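Asks: Quick one: sequence plus predicted model below, questions after.
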Amino acid sequence: MIKTNEMLAPGCTNHCDLKQEVSIYLITRGTMLVEWRNNQELLEQGDVLVGAKFRLKNNSDYFSTICGLILRDDSLGDFYKNPVIIKKDQQTDNDELSKLTHMLNCPHSLDDMLMNVMRYLPKVMNSIGRIESILPLSKSPIGRIDSRLIIINRYIREHFNEPLTLQTLADLIQCNPVYLSNTYSKIFRISPIKYLQKIRMSKAKVLLTQTNDPINEIANKLGYLSNSQFADLFKRFYGITPREVRKYQLTNK
């Protein structure tokens, strides 16, 4: 079964609880909360959810939309005992998944969709297990989500190369920095500044290993005001300095 642009009104829930059904959903607009057993996780636009026996709930004040596939297969139902969540920024290295999500997001005709599903789905299902998925740990109910947190989350992803501070982000939505840090951490289970650092470090690793850009230029591109600050954070994340990464690259070449 293929679902295209299925809307979920605020406060409404979509159930996927048949034992032999596995769903692949792409969040195409808004945010949703996926719940199963005593777990829950916030999904944003562009995230992909694969699993069986879960609930999708729109906990925001606005309509959210999903596109997806529902598969009936005994073996798949046994395999996905817990949903697998693939965040938008984790999909770029998986060509088959990127093609499948693009197909779900931009359907042309039912025949085209079915043809593409049969073409990409087997490789996608085989590769999902190799993707670093985010499995929920929270067991406490999440209340109505402050929509401003979604604005901050999106802003960080789009402006990570600017010298952002907690105060800058708080000013963006006109709130107290402590409130922003606490509420953001409660929903996303990571502070806004740590999320910013995580994105920057991921980009830094790519730039160091796949370009010849000088290290100080990479630091500037990622929004760091000093090369030493960048080097200290990089070593904290990866246990090696940017200079050592470059040395390793040159040695292997």
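Replies: Sure thing, it's come through.
Asks: and the nearest residue to I156 once chain neighbours are set aside, how many neighbours does it have?
Replies: Distance criterion CB to CB, 6 or more residues apart in numbering; nearest residue to I156, sequence neighbours excluded, is L196 at 5.2 Å. C-beta coordinates here come from the backbone N, C-alpha and C atoms, glycine included. Neighbouring residues of L196 were enumerated by other CB atoms under 10 Å; the total is 23.
Asks: L196 is in contact with L166, isn't it?
Replies: No - because the distance of 9.4 Å does not satisfy CB atoms under 8 Å, L196 is recorded as not touching L166.
Asks: re the thing from before, now the residue nearest to I156: phi and psi?
Replies: Backbone torsions for L196, taken as degrees, to the nearest 10, come to phi -60, psi -50.
Asks: now swap in V50 and tell me
Replies: The phi and psi torsions at V50 (degrees, to the nearest 10) take the values phi -130, psi 130.
Asks: just R189 next, same as before
Replies: With angles defined as degrees, to the nearest 10, R189 shows backbone torsions of phi 60, psi 30.
Asks: Burial check on it, number of neighbours?
Replies: By the measure other CB under 10 Å, the count of residues near R189 is 14.
Asks: Which residues are in contact with the residue nearest to I156?
Replies: For L196, the contact set (CB atoms under 8 Å, 6 or more residues apart in numbering) comprises 156, 160, 164.
Asks: The second one is in contact with K203, isn't it?
Replies: Yes - here F160 lies in contact with K203, judged by CB under 8 Å, at a distance of 7.1 Å.
Asks: overlap in contacts of those two?
Replies: L222.
Asks: Neighbour count for those two, which is higher?
Replies: With neighbours defined as other CB under 10 Å, F160 and K203 compare such that F160 has more, 19 against 16.
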